[in-house]
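**Student:** Everything below, folded, please.
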Amino acid sequence: MAERPTLVDPPIENLLHKVGDSKFTLVAVSAIRAREINEYYNGLGSGHGALIPPQVSSLSNKSLSLAMEELYEGKLQFHRPTAGEIETERLDAEAREQARLDAANDLDAFTDALRDA
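**Tutor:** You can find the predicted model right below:
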């Protein structure tokens, strides 16, 4: 009879090495993937094809255990953004907000011109 895996299988130490020895990153990456797995199971039959099923065969039916097993087997990848990428994203968001404000001001000017005409 196969033993049911627990959260300590795979060992936490091995999982930490996969995420750069950061407990916070391990928790965050695993939690995000566990939510995706839950959404996959909850959305079966609803026509949502964008959700990715679990990528490992496991005796566990717990989404967090599945996520950690995926990480351990190298089937779960993540990207930690660099400071430059974060700054670029912030500048892009500011530019989009400024463009939205400019469009709103242009629309206001246009409606004022129509009202005055």
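
**Student:** Tell me which helix or strand in this structure has the weakest average pLDDT.
**Tutor:** helix 12-18 (a mean of 87; mean pLDDT, DSSP states H and E).

**Student:** Show me what whichever helix or strand comes after it is packed up against.
**Tutor:** The element immediately downstream of helix 12-18 (helix or strand, assigned by DSSP states H and E) is helix 23-42. If you count contacts as 3 or more Cβ pairs under 8 Å, 6 or more residues apart in numbering; DSSP states H and E, helix 23-42 packs onto helix 12-18, helix 63-72. In short, each C-beta sits where N, CA and C put it, glycine included.

**Student:** Count the residues that sit near the closest residue to residue 56 other than its chain neighbours.
**Tutor:** Spatial nearest neighbour of residue 56, chain neighbours left out: residue 69 (4.7 Å); criterion: Cβ to Cβ, 6 or more residues apart in numbering. Using other Cβ atoms under 10 Å, residue 69 has 22 other residues around it.

**Student:** what's the answer for residue 56, then?
**Tutor:** Residue 56 has 16 nearby residues by other Cβ under 10 Å.

**Student:** Same check on the one 10 residues further on?
**Tutor:** Burial of residue 66, expressed as a neighbour count using other Cβ under 10 Å, amounts to 24.

**Student:** before we move on, what about residue 12?
**Tutor:** 13.

**Student:** who touches the nearest residue to residue 43 once chain neighbours are set aside in this structure?
**Tutor:** In this structure, residue 43 finds its nearest non-sequential neighbour in residue 51, 5.7 Å apart by Cβ to Cβ, 6+ apart. Contacts for residue 51 (Cβ atoms under 8 Å, 6 or more residues apart in numbering) come out as 36, 39, 40, 43.
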